[in-house]
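> coordinates only, no sequence provided:
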């Protein structure tokens, strides 16, 4: 079946611009997660959505970062006024059940480069 | 102390060798553990889930030691295609999946 998909695969932007990254989770998965991975680093949790509950935003690095999940499916991660340190691969994952137990499956990521 | 810590890499081994990675975790209440494989410039792909004492899949064996709070990954008869970074992950008390920094494996001919 279809896995997690993300778009765009690559995004190059200028410092100060806003960007939107999209994630389509696996059909039927109730939980959706966003992570960031900088070059040579581990995965850094950003935010997760579980069903209709309020999202856990505790990992967002600044108020320039926000995310939405519409209709319990597609999610958009928005970074406003991008900075060079925002350059990283942004990975989305989804799981059938909520966090704490279930396996998370990752999308291919969006590689963001801020010039 | 980091919530999930892995053996520092890189591990350079010849084809056919057996190699083992260890991963320690701090949340004693965690019930779910995962090993992911990540190839260069690719997303992590699930290698194995560990919910009880261990799991085995072909050449790969994961073992969980709750008393010492670590999980291990054993790869037997290493192949060139096993070269990748191996990520260990465990859920913390807040329900977040925490990843280790990863261990790089390079299998040489």
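Perfect, I can see it now. Predicted, not measured: the structure shown is a model, and the values here were computed from it.
> hey, let's count contacts and neighbours off CA atoms from now on
Noted.
> which residues of chain B fall in helices?
Assigned by DSSP state H, the helices in chain B number zero.
> can you give me the strands for chain B?
With strands called from DSSP state E, chain B shows them at B:4-6, B:11-14, B:19-25, B:33-38, B:45-50, B:54-57, B:60-65, B:70-75, B:84-91, B:97-99, B:103-108.
> run the chain-centre distance for the fourth one.
Centroid separation for strand B:33-38 versus its chain: 5 Å, with C-alpha atoms, centre = their mean, to the nearest Å.
> low-confidence stretches in the chain?
Picking chain A for this. A:1 (pLDDT under 70).
> what pairs with the most centrally placed residue in it across the strands?
Nearest residue to the geometric centre of chain A (C-alpha atoms, centre = their mean): residue A:34, 3.1 Å. Beta-bridge partners recorded for residue A:34 (DSSP bridges): residue A:47, residue A:92.
> that one and residue A:47 touch, don't they?
Yes - with contacts counted by C-alpha atoms under 8 Å, residue A:34 reaches residue A:47, the gap being 5.4 Å.
> related to what we said a few turns ago, and the strands of chain B, which is most packed in?
A comparison of these by mean neighbour count, using mean count of other C-alpha atoms under 10 Å in any protein chain shown, puts strand B:84-91 on top with a mean of 25.
> would you mind getting the angle between it and strand B:45-50?
Angle, strand B:84-91 to strand B:45-50, by axes from the mean of the first three to the mean of the last three C-alpha atoms, to 10 degrees: 50 degrees.
> who's the closest residue to residue A:9 other than its chain neighbours bridged to?
Nearest non-adjacent residue to residue A:9, counting by C-alpha to C-alpha, 6 or more residues apart in numbering or on different chains: residue A:110, 4.5 Å away. Beta-bridge partners recorded for residue A:110 (DSSP bridges): residue A:90.
> residue B:38 versus residue A:110, what's the distance?
Between residue A:110 and residue B:38 the computed distance is 15 Å (C-alpha to C-alpha, to the nearest Å).
> can you redo the strands of chain B as JSON lines with mean pLDDT and distance to residue A:22?
Output for those, formatted as JSON lines (pLDDT from 0 to 100; distance: least, C-alpha to C-alpha, whole Å):
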{"stretch": "strand B:4-6", "mean pLDDT": "93", "distance to residue A:22": "29"}
{"stretch": "strand B:11-14", "mean pLDDT": "96", "distance to residue A:22": "36"}
{"stretch": "strand B:19-25", "mean pLDDT": "94", "distance to residue A:22": "32"}
{"stretch": "strand B:33-38", "mean pLDDT": "96", "distance to residue A:22": "21"}
{"stretch": "strand B:45-50", "mean pLDDT": "93", "distance to residue A:22": "20"}
{"stretch": "strand B:54-57", "mean pLDDT": "90", "distance to residue A:22": "34"}
{"stretch": "strand B:60-65", "mean pLDDT": "94", "distance to residue A:22": "34"}
{"stretch": "strand B:70-75", "mean pLDDT": "95", "distance to residue A:22": "33"}
{"stretch": "strand B:84-91", "mean pLDDT": "94", "distance to residue A:22": "24"}
{"stretch": "strand B:97-99", "mean pLDDT": "92", "distance to residue A:22": "21"}
{"stretch": "strand B:103-108", "mean pLDDT": "96", "distance to residue A:22": "29"}
